[in-house]
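Novice: Take this sequence and fold it.
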Amino acid sequence: MYIRYPFPNCILIQIKNLYKHILLNISMEKIKITFLGTGSAVPTKLHNHQSTLISYKDENILVDCGEGTQRQFRYADISPTKLTKLFITHWHGDHILGIPGLLQTLAFNNYSKKLDIYGPRGTKRFMSIIMETFIFRGKIDYEIHEISEGAIFENREIAIEAHKMSHGAECFSYSFIEKEKIRLDRVKLKKLKLPNSPLLKDLQQGKDIVFNGKKIKASSIIYKQPQRKITIILDTGMTENAIRASKDADILICEASYTKEEQERAIDYNHLTAAEAATIAKKAKAKTLYLTHLSQRYEVIPHVIEKEAKKVFKNTKLAKDLLVIEI
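Specialist: Numbers count the residues shown, from 1 in each chain. As a prediction, the model looks like this:
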C-alpha cells in the first residue's frame, strides 16, 4: 500500500524545504515594532506625535515620547508598565511632551521596575525641570543616562548604538541590534534522536559529543543566525552619519517630513525629503524602509511621500499609527 501525492516532485521538494526552514527558525525570538505615533511637529487626526516601541523578550524599549503617548499605549492594547527603557532622540517638544503623563501613569499603576532613560546632554536638567513643573503624585524609580555617540547599552543578547544626527539641537539616531547567535538545527537533532540534555549545550558551544557510541561533530549540527538590526532616524538633515547608522539594517525607520519640491524648507528646518530618506536606505543597503514623521500637509495624500521614496528605494513602506510589524 502506498499513498500517491497529488503534487509533482519539484513541488514536494519546495514544501519539504519550506518545512525545514520553519523548523530551523521556530526558535528565533520575535522582534516586535509598534508605531505608537508617526506624526511630526503638529499632530493630526491620523498621526499622533512621535513614539515607537521595540519589544524583544523582556525588553520593551520606547524611542521618543510625544504628547499623547500614554493614550496610544491604550489604543495598542499594551500596558505601559512593561516599559524597561526610554530613549530620547532630542528635546524638541513633539518628541518629549508625553513624558510627564507617561511617568504619572506608571506611578498610578504601581510601576515596579527601574526605568532607564537615555538621551543627549542636558537630559538630566530637562528631566529635573519636567518633574518640578507639576505636582507629581506617587513614586517611580528611574535612572538617567546622558549619552555620546557609539555603543550605549549592551548585554549578552543585544546592543544599542547611537549616532549623531544634524538637527540644530543635539540629536541622535538609535540602532537596536540583536547579536549573532549560534543555533541548533532542529531537523538534524530530531533525526539523531538527541534528547533534551546538557549534550545540546555542548553542541551549541561548538563541542563535539558522543551519543550512543557515535561521535557527533558540532559543526554538523550548529548554524549561525545573523544579527538583526533596527535603526530609527528622527529629525535630521541629510548627513553621512545617517548612512553609517543605517548600514545593513533589516528595518530602517526614517523621517520623511517633505517631498523634494520642498527641498529648501527641508534644509531650513534640518529635515529630510522622502527621496533623501530613500537614498539613505539605498546607500546603507537596508532591507526595508518605513517612512515616518510626515508633515501634516500630507495628511490626506501620504502616497505622494511613498511614491517619491519608492522611485529611489523600492522596498519602502509608510508607517502609520498603531501599525505592528515583526521580524
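Novice: tell me, how many neighbours does the residue nearest to residue 227 when sequence neighbours are not counted end up with?
Specialist: Excluding the flanking residues, the one nearest residue 227 by C-beta to C-beta, 6 or more residues apart in numbering is residue 180, at 4.8 Å. Glycine gets a C-beta too; all of them are placed from N, C-alpha and C. When neighbours are counted by other C-beta atoms under 10 Å, residue 180 registers 10.
Novice: Do I have it right that residue 180 meets residue 228?
Specialist: No - using C-beta atoms under 8 Å, residue 180 makes no contact with residue 228, being 9.2 Å away.
Novice: Contact partners for the residue nearest to residue 227?
Specialist: 224-227 (C-beta atoms under 8 Å, 6 or more residues apart in numbering).
Novice: What's the ChimeraX syntax to select whichever of those residues are buried?
Specialist: ChimeraX command restricting those to the buried ones, with burial defined by 16 or more other C-beta atoms under 10 Å:
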select :225
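Novice: okay, who's weakest in the contacts of residue 180 by pLDDT?
Specialist: Minimum pLDDT for those is recorded at residue 224 (86).
Novice: Remind me what the helix or strand that it is a member of packs against, helices and strands.
Specialist: Following DSSP states H and E, the helix or strand that holds residue 224 is strand 222-225. Where contact means 3 or more C-beta pairs under 8 Å, 6 or more residues apart in numbering; DSSP states H and E, strand 222-225 is packed against strand 181-184.
Novice: Next, residue 191: phi, psi?
Specialist: phi -60, psi -40 (degrees, to the nearest 10).
Novice: now it: how far from residue 200?
Specialist: Distance of residue 191 to residue 200, computed by C-beta to C-beta, to the nearest Å: 14 Å.
Novice: Between those two, point out the one with more neighbours.
Specialist: Neighbour count, other C-beta under 10 Å: between residue 191 and residue 200, residue 200 has more, with 15 against 9.
Novice: Out of the contacts of residue 180, which comes closest to residue 158?
Specialist: Distance ranking of the contacts of residue 180 against residue 158, using C-beta to C-beta, places residue 227 first at 9.6 Å.
Novice: List the contacts of the closest one.
Specialist: 177-180.
Novice: Restricted to strands, list those.
Specialist: Per DSSP state E, strands hold the following members of the contacts of residue 227: 177-178.
Novice: Weed out the non-buried ones from the contacts of residue 227.
Specialist: 177-178.
Novice: May I see the contacts of residue 227 arranged in JSON lines, with pLDDT and distance to residue 210 as well?
Specialist: Output for the contacts of residue 227, formatted as JSON lines (pLDDT from 0 to 100; distance: C-beta to C-beta, whole Å):
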{"residue": "177", "pLDDT": "98", "distance to residue 210": "37"}
{"residue": "178", "pLDDT": "97", "distance to residue 210": "33"}
{"residue": "179", "pLDDT": "96", "distance to residue 210": "30"}
{"residue": "180", "pLDDT": "94", "distance to residue 210": "28"}
